[in-house]
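Colleague: Dropping a prediction and its sequence here:
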Amino acid sequence: MGEMTLLLGQTLSVNGDPFAAGWEAVAQVESRGGVLIEDGLIRSVGPADELSAAHPEAELRDYGDGLILPGFIDAHAHFPQTAMIASWGKRLIDWLNTYTFPEEMRFADPAYAAEIAKRYFDLTAAHGTTTMVSFCTIHPASVEAFFAEAEARGQRVVAGKTCMDRNAPEGLRDTAQSAYDDSKALLETWHGRGRISYAITPRFSPTSTPEQLSAMGALWAEHPECLMQTHLSEQTDEIAWVKELFPTARDYLDTYEAHGLLGPGGLYGHAIHLEAREIDRLKEVDASLVHCPTSNTFIGSGLFDTMGLASWGLRVGLATDTGGGSSFSMLRTMAAAYEIAQLRGEALHPAHLIWLATGGSARALRMEDRIGRLMPGMEADLVVLDLASTPAIAQRAAEADDLWEALFPTIMMGDDRAVRAVWINGRAT
Ligand code: GUN
Ligand code: ZN
């Protein structure tokens, strides 16, 4: 038996899908609770006094009225866009050409890739994010840098080499063959090593030839144990362009489906302007959608239908989409998801928002048996929030009658100042 640590505080875990069951049935709250950690895993969760009495030998970390939650899971990010987040004035295609591609070009230098990977993990940890799914750049060294940094920190991550062989500048294009070969080599080196997973990563249909999409589809067929991540129906101009580039496709999703890139384990970022056939097919194959709300308002993309798609049983994760998104904070991201739902006439409960950022994202990644909930046997990735981290938040939380009302101001107004502690793989960072 290893060393045991007992974290005490308020505890909150949404242990099932609140869009399916109703949040009251699945939210687990203890006003004075504890989480017992051993060998990097959660061993038990319950009332503080019971756990303290049963495990007097455990080292205590008492967070008082701090709120202990599962660590946040960012289901779609671009770590190479860290240094160009919040770039002004463009919509998607112009934004890619003006800001994104020039920045991604800099990752030809492995030293720069390593520097940004370190900066990205420092920033995300400070914001309470313990797992992320990231695009890298076309350069294999960018993937190496990302995974090496994650491995050093013991962090569960998913990432892959971004593949694109057209409609991108010279120096930022691979080929169908090199994308296949490089992705395969990286996958064989990294997938399943410690807490690292490889995701096959065609950027999106406009930047891949049909030959490259087929090569990615072939690789996925050889490695169905891997996730596949891409972008889908983010902006109307982009969708019109996809129709021009793939004149025989029924819709945007069909450009993936026709090349073996639709299936369970497919992670489709944005998925805003979906046609009925696309929604039906995504549901039929049990694919995952990833909502990127700060990005969708920042780049002006549109209003994702969280309530409709999640209530229909689709796997929906939540993500920052750094640096199309305008924040590293999953709190800010939950706030933006709330605001977008409001613009659609729906109010998401704080339990819905917490679920999207934890268990919902874990379910989107098909990792719900490992991360995203405070339950025995789950990996010990935790965040501890201060629900009174600024004067503005504190004075509002002081009026609260229950935990949800105390938590909501931190969701809406909180940032890295609200993150009191982060535990990754059973260790405080
Ligand atoms: N579509 C293709 N690439 C990107 C990207 O880097 N960010 C966003 N938001 N959308 C994309
Ligand atoms: Zn993206």
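Modeller: Right, received. Where do you want to start? Ligands and ions are numbered 1, 2, ... in the order given.

Colleague: What parts of the stretch 201-350 of the chain come near ligand 2?
Modeller: G269, D321 (C-beta under 5 Å from the ion). All C-beta atoms are positioned from the backbone trio N, CA, C, and that covers glycine.

Colleague: Looking at the stretch 201-350 of the chain, what residue ends up closest to ligand 1?
Modeller: Ligand 1 sits closest to G324 of the stretch 201-350 of the chain, with a gap of 3.0 Å, by C-beta to the nearest ligand atom.

Colleague: now the residue nearest to that residue when sequence neighbours are not counted, what's its secondary structure?
Modeller: Nearest non-adjacent residue to G324, counting by C-beta to C-beta, 6 or more residues apart in numbering: S295, 4.0 Å away. Secondary structure assignment for S295 (DSSP: H, G, I helix; E, B strand; the rest coil): helix.

Colleague: can I assume S295 is in contact with S327?
Modeller: No - S295 is beyond contact range of S327, at 9.5 Å (criterion: C-beta atoms under 8 Å).

Colleague: Name the residues contacting each of these two.
Modeller: T320 (C-beta atoms under 8 Å, 6 or more residues apart in numbering).

Colleague: quick one: which of those two has more around it?
Modeller: S295 (28 against 23; other C-beta atoms under 10 Å).

Colleague: Flag every residue of the stretch 1-150 of the chain that's near ligand 1.
Modeller: H78, L92, L96, T100 (C-beta under 6 Å from any ligand atom).

Colleague: Sorry, wrong one. I was asking about the stretch 151-300 of the chain.
Modeller: Checking the stretch 151-300 of the chain against ligand 1 by C-beta under 6 Å from any ligand atom, the hits are R203, F204, H231, E234, S295, I299.

Colleague: so of those, which ones are in strands?
Modeller: Among those, DSSP state E puts H231 in strands.

Colleague: what residues does whichever strand or helix holds D94 touch?
Modeller: If you go by DSSP states H and E, D94 is part of helix 92-95. Helix 92-95 is contacted from outside by S87, P206, E234, Q235, D237, E238, W241, I299, S301, G324, using C-beta under 8 Å, 6+ apart.

Colleague: Please work out how many residues are found near F72.
Modeller: F72 has 29 nearby residues by other C-beta under 10 Å.

Colleague: Distance of it relative to ligand 1?
Modeller: As for F72, its distance to ligand 1 is 19 Å (criterion: C-beta to the nearest ligand atom, to the nearest Å).

Colleague: Poorly predicted segments of the stretch 251-400 of the chain, please.
Modeller: Residues of the stretch 251-400 of the chain meeting the criterion pLDDT under 70: none.

Colleague: hang on, isn't Y180 packed against A218?
Modeller: Yes - using C-beta under 8 Å, Y180 is in contact with A218, at 7.1 Å.

Colleague: rewinding a little: for the residue of the stretch 201-350 of the chain closest to ligand 1, list the residues it contacts.
Modeller: Contacts of G324 (C-beta under 8 Å, 6+ apart): H78, Q81, L92, W95, T100, C292, S295, F298, I299.

Colleague: tell me which of the contacts of helix 92-95 is nearest to M378?
Modeller: Set against M378, the nearest of these by C-beta to C-beta is G324 (30.4 Å).

Colleague: Please report phi then psi for the closest one.
Modeller: G324 adopts backbone torsions of phi -70, psi -40, taken as degrees, to the nearest 10.

Colleague: my guess is T130 meets R156, correct?
Modeller: Yes - because the distance of 7.2 Å satisfies C-beta under 8 Å, T130 is recorded as touching R156.

Colleague: Would you map the helices across the stretch 1-150 of the chain?
Modeller: Secondary structure of the stretch 1-150 of the chain by DSSP state H, counting those that start in this stretch: the helices cover 18-21, 23-26, 48-54, 92-95, 101-105, 110-126, 140-153.

Colleague: So which bits of the second one are buried?
Modeller: Translated: helix 23-26. W23, V26 (16 or more other C-beta atoms under 10 Å).

Colleague: so who does R119 touch?
Modeller: Contacts of R119 by C-beta under 8 Å, 6+ apart are T82, A83.

Colleague: mind checking pLDDT for it?
Modeller: pLDDT recorded at R119 is 98.

Colleague: Can you report how many residues lie near G192?
Modeller: So G192, with other C-beta under 10 Å, has 12 neighbours.

Colleague: What confidence value was assigned to it?
Modeller: G192 is given a pLDDT of 98.

Colleague: Report the separation between it and ligand 2.
Modeller: G192 sits 24 Å away from ligand 2, going by C-beta to the ion, to the nearest Å.

Colleague: secondary structure element for that residue?
Modeller: Judged by DSSP H and E, G192 forms part of no helix or strand.

Colleague: In its sheet, which strands sit next to the host helix or strand of V158, and in what direction?
Modeller: Assigning secondary structure by DSSP H and E places V158 in strand 157-160. Using DSSP bridges, strand 157-160 pairs in its sheet with strand 129-135 (parallel), strand 196-202 (parallel).

Colleague: what are the ranges of the helices in the stretch 201-350 of the chain?
Modeller: Under DSSP H, counting those that start in this stretch, the stretch 201-350 of the chain gives helices at 210-222, 236-245, 252-257, 276-285, 293-298, 306-311, 330-343, 350-357.

Colleague: Show me how far the third one is from its chain's centre.
Modeller: Right, the one you point to is helix 252-257. For helix 252-257, the separation from the chain centroid amounts to 22 Å (computed by C-alpha atoms, centre = their mean, to the nearest Å).

Colleague: ok, now the longest one?
Modeller: Taking C-alpha atoms, centre = their mean, one finds the center of helix 330-343 at 15 Å from the center of the full chain.
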